[in-house]
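S.K.: Sequence below, structure please.
(one chain, ligands or ions: 2)
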Amino acid sequence: MMGDRQSGLCVIAPTSEDTESCGAALAPLVKPGDTVLLSGDLGTGKTTFTQGLARALGVEGPVTSPTFVLVHSYHTKAGWDLLHADVWRVEQLQEVVDLAIPELVEEGAAAVIEWGERAAPALARDCLHVTIEFADASAAAPPAPGAGASPVGPGGPRRLQFRAEGPNWQERVRQLSDRLAKGS
Ligand SMILES: Nc1ncnc2c1ncn2[C@@H]1O[C@H](COP(=O)(O)OP(=O)(O)OP(=O)(O)O)[C@@H](O)[C@H]1O
Ligand SMILES: [Mg+2]
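M.R.: Residues are numbered from 1 along each chain as shown. Ligands and ions are numbered 1, 2, ... in the order given. Down below sits the predicted model:
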C-alpha cells in the first residue's frame, strides 16, 4: 500500500518480509557515493530494511546489527562496499566524525546509517531519509466488522517514509515509487 506523505513516498509494510522487500526495492537505485539515513524508534525495522537491501546487493553471509561495533562493511556484488552503521550508542558527534563515513563514501562506498538523524550534521547533506514507524493494523488491512481498535506496536505493520534531501535522490524516490507499485 503506497501514498504520498509530506511530499515523499509512504509505504505500508504488513510484515517483516515486506520491510525487507522495501530495502530490496531500493537496492538497484543505490550507488557508490550514496548516504541513506534510517530513522525510527527502537525495533521498528531499520536493521531488517538494511538486511533486505544488502541481500539484494548480493552481500553474502549474515547481515547483523552493528549496534556495538558502530559500523559493518560488506562487499556488494557490484564491487563497492556497503557500510552499515548504527549510531544509537554514540554520545558525541565526534565519535561519528571518527568513523570517517563521508570520507569512505567519497572514496566509493555507500552508507546506510541507523539513527542517522542523530548524526546528520556529521554526514552528507544530500541523502535519502527513510523513516520507519509502527502503524495501526488497519493501515495494512481494513478492520473486520465490529473489531476494536488494533494495537500499534512491535507486532503490527510498519509505515516507511522515503524523503529525498537534496537533488541527488529526488528522481530516485520517484523511481522507487514505480518499482514498489509494480511489486518489484
Ligand atoms: N513490517 C513489519 N511487521 C512486523 N514486524 C516487523 C516488520 N519489520 C520488522 N519487523 C520486526 O521488528 C523487529 C525489530 O526489527 P529490527 O531489529 O530491524 O529493528 P531496528 O529498528 O533495527 O531496531 P533497533 O532500534 O534496536 O536497531 C524484528 O523482529 C523484525 O522482524
Ligand atoms: Mg537495528
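S.K.: Identify the residues contacting Ala122.
M.R.: Leu93, Val96, Val97, Ile101, Pro102 (Cβ atoms under 8 Å, 6 or more residues apart in numbering). To be clear about C-beta, it is placed using only N, CA and C from the backbone, and glycine gets the same treatment.
S.K.: need the residues of this structure near ligand 2, please.
M.R.: Counting by Cβ under 5 Å from the ion, the chain comes close to ligand 2 at Lys46, Thr47, Ser65, Glu114.
S.K.: For Leu128, list each beta-bridge partner.
M.R.: The partner list for Leu128 in beta bridges (DSSP bridges) reads Val36, Ala164.
S.K.: can you pull the contacts of it?
M.R.: Leu128 sits next to Leu26, Asp34, Thr35, Val36, Leu37, Phe162, Arg163, Ala164, Glu165, Trp169, Arg172, Val173 when contact means Cβ under 8 Å, 6+ apart.
S.K.: thinking again about what came up before, restrict the residues of the chain next to ligand 2 to those near ligand 1?
M.R.: Lys46, Thr47, Ser65, Glu114 (Cβ under 6 Å from any ligand atom).
S.K.: ok so, going back, from the contacts of Ala122, list just the buried residues.
M.R.: Val96, Ile101, Pro102 (16 or more other Cβ atoms under 10 Å).
S.K.: in terms of contact, does Arg179 touch Ala25 like I think?
M.R.: Yes: the criterion here is Cβ atoms under 8 Å, and Arg179 meets it with Ala25 at 4.9 Å.
S.K.: With neighbour numbers in mind, choose between those two.
M.R.: Neighbours per residue (other Cβ atoms under 10 Å) separate Arg179 from Ala25, with Ala25 holding more: 22 against 18.
S.K.: Could you export the helix or strand that contains the more buried one as PDB, CA atoms only?
M.R.: Element membership for Ala25 (DSSP states H and E) is helix 16-26. Coordinates of each C-alpha in helix 16-26 appear next as PDB, following Å, rounded to 0.1, in the frame of the first residue of the first chain:
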ATOM      1  CA  SER A  16       8.900  -8.200   8.400                       C
ATOM      2  CA  GLU A  17       9.400  -9.700   4.900                       C
ATOM      3  CA  ASP A  18       7.700  -6.600   3.500                       C
ATOM      4  CA  THR A  19      10.200  -4.300   5.300                       C
ATOM      5  CA  GLU A  20      13.000  -6.400   3.700                       C
ATOM      6  CA  SER A  21      11.300  -6.100   0.300                       C
ATOM      7  CA  CYS A  22      11.300  -2.300   0.600                       C
ATOM      8  CA  GLY A  23      15.100  -2.500   1.300                       C
ATOM      9  CA  ALA A  24      15.500  -4.800  -1.700                       C
ATOM     10  CA  ALA A  25      13.500  -2.500  -3.900                       C
ATOM     11  CA  LEU A  26      15.900   0.300  -3.100                       C
END
